[in-house]
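J.: Everything below, folded, please.
(2 chains)
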Amino acid sequence: DTGVSQDPRHKITKRGQNVTFRCDPISEHNRLYWYRQTLGQGPEFLTYFQNEAQLEKSRLLSDRFSAERPKGSFSTLEIQRTEQGDSAMYLCASSPTWSGVEDTQYFGPGTRLTVL
Amino acid sequence: RKEVEQDPGPFNVPEGATVAFNCTYSNSASQSFFWYRQDCRKEPKLLMSVYSSGNEDGRFTAQLNRASQYISLLIRDSKLSDSATYLCVVNNNAGNMLTFGGGTRLMVKP
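T.: Here you go, the predicted model:
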């Protein structure tokens, strides 16, 4: 399967713990995105990378959240001191180098986080 | 006001029916438009892009009205397998970030 992969698929943690998620984009896709989706809502943009550079961050990305893409391939999203409000599906997407406005973003299966 | 607004539904329709979903967006500078489909507890998948001239893909027809900032999706001859949430999505050309509506849930019944 050459699609976007995410690990783990499910994570249950206690409030106050740190968690880290990984995303492997489609190979040769330069852009990588993180979104968050809560029940009954559409995904909300968190941040994106062009190769290893983090080019934009949403105001939703508080200082407890950090994302990296050190070698321009896989990315990690870390949440420190988790809160119950962080419970959501965290989706990763990738797209090829932007050459126009209609490049499709391909989504991974997501990591479902539950904070107890 | 949300940047992309959709009626959450659910739309309950019988097999074979025609159903239409609408969506409005607030940013007049939006550049490109999509419909994504999302099955329960799965990731969103691109259904189709939406062009100003309108476009059709089999049973699905999408329309864009830039003047009214309005996007529509028409599904003809509904199948049971069309049951899903349909997400209206806008790209504001600001880093290729996608802005999603809350989704419209469709349930097709036998």
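
J.: Surely A:Leu61 touches A:Tyr48?
T.: No: counting by C-beta atoms under 8 Å, A:Leu61 stays clear of A:Tyr48, with 10.8 Å between them. Every residue, glycine included, has its C-beta placed from N, CA and C.

J.: ok, the two, which is more surrounded?
T.: Higher neighbour count among A:Leu61 and A:Tyr48: A:Tyr48, with 27 against 18, using other C-beta atoms under 10 Å in any protein chain shown.

J.: Provide a list of residues in contact with the more buried one.
T.: Residues in contact with A:Tyr48, defined by C-beta atoms under 8 Å, 6 or more residues apart in numbering or on different chains, are A:Arg31, A:Leu32, A:Tyr33, A:Trp34, A:Gln54, A:Leu55, A:Glu56, B:Gly95, B:Asn96, B:Met97.

J.: Repeat that for A:Pro96.
T.: Contacts of A:Pro96 by C-beta under 8 Å, 6+ apart are A:Glu28, A:His29, A:Asn30, A:Arg31, A:Asp103.

J.: now swap in B:Thr61 and tell me
T.: B:Gly54, B:Asn55, B:Leu73, B:Leu74, B:Arg76 are the contacts of B:Thr61 under C-beta under 8 Å, 6+ apart.

J.: Compute the number of surrounding residues for the last one.
T.: For B:Arg76, the count of nearby residues is 14 (other C-beta under 10 Å).

J.: ok, now how distant is it from chain A?
T.: As judged by C-beta to the nearest C-beta, to the nearest Å, B:Arg76 and chain A stand 24 Å apart.

J.: do the same with the first one
T.: The spacing between B:Gly54 and chain A, counted by C-beta to the nearest C-beta, is 15 Å.

J.: Next, that residue: phi, psi?
T.: phi 80, psi 150 (degrees, to the nearest 10).

J.: again, but for the second one
T.: When read as degrees, to the nearest 10, the backbone of B:Asn55 gives phi -150, psi 150.

J.: By proximity to chain A, which residue of chain B wins?
T.: When scored by C-beta to the nearest C-beta, chain B has B:Phe100 as its residue closest to chain A, at 3.1 Å.

J.: does the nearest residue to that residue once chain neighbours are set aside sit in a helix, a strand or a coil?
T.: Distances taken as C-beta to C-beta, 6 or more residues apart in numbering or on different chains put A:Gly42 closest to B:Phe100, at 3.1 Å, once the chain neighbours are dropped. Secondary structure state of A:Gly42, per DSSP: H, G, I helix; E, B strand; the rest coil, is coil.

J.: dump the residue contacts of A:Gly42.
T.: B:Val4, B:Leu87, B:Val89, B:Phe100, B:Gly101, B:Gly102, B:Gly103.
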